[in-house]
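[1] I would like to see how this sequence folds:
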Amino acid sequence: MRKNILWVSITFEILSVISLITMITLDCLGIFTTDAGKYLMSVLLIIVVWLPLVFELIFKIKLNFALVIALEIFMLLTIVIGSAWGVYLIFPLLDKIVHFASGILFGLLFYDVYSKLGKTQLSPFWICLFVFSFSMMIGGVWEVIEFIFDGVIPGQNAQRWQGLVGREALFDTMYDLICDFVGSLIAAVVAFVHRKNTIKSNQEITK
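    Numbering: from 1, shown residues only. Down below sits the predicted model:
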């Protein structure tokens, strides 16, 4: 499994480097206008594609392979395609789809890690609560990161606030968090049902 994850990381690393080289080339030719923030996002992906492999090596566990691939695709979509290449501005709905998917993805990743590391057997209710809380935390942290980027890097508009005032300037962030909420809730329900079925199966085996 670790070898498979290594090849997945290498594949997405190649895609990340190709994306960065293409961006630099188009920027030099004046075809695509970019800035420091977009370059930073591209470099960020080159680093974070290795996170699943590093996680496995540190904690000595095998992550669900399908979830690892989903995570790599998610990072490619949100960091490079959406942010660096500006697809969010062309297709705003993609941003909401990504936030919705992230709620499910990070919730299921947390549950997968707990299932393989957790020594304390929690009830389905507490599993549901922790999965939801963790996934929502990731969504909240990402909004904080976007807010910081918008304030530190000139010209950044990750939270779509420029040109808006008052309540309207909050809409993008709040819609993102609502999508995170719905996705996290779905992941929590899935974890609840799976945990309940697992306990039931274990009880039947011990009878």
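[2] any idea which element the most centrally placed residue in the chain lies in?
    For the chain, the residue nearest the mean C-alpha position is Ser102 (4.9 Å; Cα atoms, centre = their mean). For Ser102, the element it lies in under DSSP states H and E is helix 93-117.
[3] chain center to that helix, what's the gap?
    Offset of helix 93-117 from its chain centre (Cα atoms, centre = their mean, to the nearest Å): 7 Å.
[4] quick one, the helix or strand following that helix and helix 93-117 angle?
    Downstream of helix 93-117, the next assigned helix or strand under DSSP H and E is helix 124-152. Following axes from the mean of the first three to the mean of the last three Cα atoms, to 10 degrees, one obtains 130 degrees for the angle between helix 124-152 and helix 93-117.
[5] tell me the first helix or strand C-terminal of helix 124-152.
    Counting by DSSP H and E, the element after helix 124-152 in chain order, helix or strand, is helix 171-206.
[6] just to revisit the earlier point, ok, the residue nearest to the centre of the chain touching Gly140?
    No: using Cβ atoms under 8 Å, Ser102 is not in contact with Gly140, being 11.5 Å away. All C-beta spots, glycine's among them, are computed from the backbone N, C-alpha and C.
[7] got the confidence number for the residue nearest to the centre of the chain?
    Looking at Ser102, its pLDDT reads 95.
[8] show me what contacts it?
    Contacts for Ser102 (Cβ atoms under 8 Å, 6 or more residues apart in numbering) come out as Phe74, Thr78, Ser135, Ile138, Gly139, Trp142, Asp180, Gly183.
[9] please redo it, this time with the cut-off set to 10 Å
    71, 74-75, 77-78, 135, 138-139, 142, 176, 179-180, 183-184, 187 (Cβ atoms under 10 Å, 6 or more residues apart in numbering).
[10] now Ala36. Nearest residue, chain neighbours left out?
    The spatial neighbour of Ala36 that comes closest, neighbours along the chain excluded (Cβ to Cβ, 6 or more residues apart in numbering), is Ile153 at 5.9 Å.
[11] quick one: mean pLDDT over the helix or strand hosting Lys3.
    Lys3 is part of helix 2-28, with elements assigned from DSSP H and E. Across helix 2-28, the average pLDDT comes to 91.
[12] output the contacting helices and strands for it.
    Under the contact definition 3 or more Cβ pairs under 10 Å, 6 or more residues apart in numbering; DSSP states H and E, helix 2-28 sits against helix 36-48, helix 51-59, helix 65-75.
[13] for Ser83, find the nearest of the ones you listed.
    Taking Cβ to Cβ, helix 36-48 is the member of these nearest to Ser83, at 4.8 Å.
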